[in-house]
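[1] Could you work out the structure for the sequence below:
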Amino acid sequence: MDWEKYLTAEQFYNTFVADDRFVKYILGGLKTTLIITLFAVLLGIFLGFLVGTVRSTYERTGKLVVLNAVCRVYLSVIRGTPVAVQLMIMYFFIFAAPGSSKLLSAILAFGINSGAYVAEIFRSIDNGQFEAGRSLGFNYAQTVWYIILPQAFKNVLPALCNEFIALLKETSVSGFIALQDLTRGADVIRSRTYNPVLPLFTVALVYWMIVTFLTYMVGKLETRLRKNEKR
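    Numbers count the residues shown, from 1 in each chain. Take a look at the predicted model:
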């Protein structure tokens, strides 16, 4: 490939300046990507906590048999199928009506997918905490609310942050439903300028910078949590 022809001042202008493409497709796509990731991870935490609680309750007490069966099917289906396929099913089948929101479809698809993995994070909470709650005279609901829930988010927060990072990268398949996220924005620029180098490498750089920053912050968070545990 002749790289020089893609790195001229004219190509730079056509890729980023002409028709305000940088703002419209790169920054606009980044905004969409962050919105999807944020709301999807919140939905994933909510679903993951519910599923993890149901699964843990069934394993300890044998109760919630029907809900546990539903959760097992949910986990099996979501973990056993690609997220891109789930996204397309969500948009083209479940939200098949004309004018359906692509953004909402993406948030639900990625949130439901994330919940299947977050469930295992919550399920890994130490069972000894339930014994501690019982020794204090709390019933199951009180133990979950006053003991498990406060400690759960503290203990699993680094894992949830890592899930956010993973989800951020997974949303790059949103283009399958023609949703203009960051990756799709770069592809639109490529299709109009016939320059695959500048837009795609720019998007790769943006993803790398965000992931590197978030990974650094997760490391700082883990260090602070470890220091707090030693006090």
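
[2] contacts and neighbour counts: CA atoms only from here.
    Noted.

[3] Taking the centroid of the chain, which residue is nearest it?
    Note on the chain: the residue nearest the mean C-alpha position is residue 167, at 2.9 Å, using CA atoms, centre = their mean.

[4] what about that one, distance to residue 114?
    According to CA to CA, to the nearest Å, residue 167 and residue 114 sit 7 Å apart.

[5] Spit out the residues that contact these two alike.
    Counting by CA atoms under 8 Å, 6 or more residues apart in numbering, the shared contacts of residue 167 and residue 114 are residue 41.

[6] what about residue 137, which SS state?
    Following DSSP: H, G, I helix; E, B strand; the rest coil, the label given to residue 137 is coil.

[7] How many residues are close by the residue nearest to residue 88 when sequence neighbours are not counted?
    Nearest non-adjacent residue to residue 88, counting by CA to CA, 6 or more residues apart in numbering: residue 177, 6.4 Å away. Number of residues near residue 177 (other CA atoms under 10 Å) recorded here: 18.

[8] just checking, residue 177 touches residue 102?
    Yes. Between residue 177 and residue 102 there is a contact at 7.0 Å, judged by CA atoms under 8 Å.

[9] Averaged over its residues, which helix or strand of the protein has the lowest pLDDT?
    Within the chain, judged by mean pLDDT, DSSP states H and E, the helix or strand with the poorest mean is helix 128-135; its value is a mean of 65.

[10] returning to that earlier point: now do the contacts for the closest residue to the residue nearest to the centre of the chain other than its chain neighbours.
    Spatially, and ignoring its direct neighbours in sequence, residue 167 is nearest to residue 37 (6.2 Å; CA to CA, 6+ apart). Contacts for residue 37 (CA under 8 Å, 6+ apart) come out as 107, 110, 164, 167-168, 171.

[11] Closest one of these to residue 85?
    Distance to residue 85 across the contacts of residue 37 (CA to CA) is lowest for residue 110, with 11.0 Å.

[12] Model confidence for that closest one, exactly?
    Residue 110 carries a pLDDT value of 96.

[13] Which helix or which strand is home to it?
    For residue 110, the host element (DSSP states H and E) is helix 102-123.

[14] That helix: how far from the chain's middle?
    7 Å (CA atoms, centre = their mean, to the nearest Å).

[15] residues in contact with it?
    With CA under 8 Å, 6+ apart as the test, helix 102-123 has contacts from 36-37, 39-53, 55-56, 74-75, 78-79, 83, 86-87, 90-91, 95, 152, 156, 159-160, 163, 167, 171, 174, 177-179.

[16] Buried residues in that helix, which are they?
    Going by neighbour count (16 or more other CA atoms under 10 Å), the buried part of helix 102-123 is 102-103, 105-123.

[17] can you check stretch 202-214 too?
    Residues 203, 207, 211, 214 are the ones in stretch 202-214 that count as buried (16+ other CA under 10 Å).

[18] Tell me which entries of these lie within helices.
    Counting by DSSP state H, the buried residues of stretch 202-214 place 203, 207, 211, 214 in helices.

[19] So which one of the residues you listed is the model least confident about?
    Lowest pLDDT of these: residue 214, 91.

[20] nearest residue to that residue other than its sequence neighbours?
    In space, and not counting its chain neighbours, residue 214 is closest to residue 165: 7.1 Å by CA to CA, 6+ apart.

[21] give me every residue that touches that neighbour.
    The contact partners of residue 165, by CA under 8 Å, 6+ apart, come to 211, 214-215.
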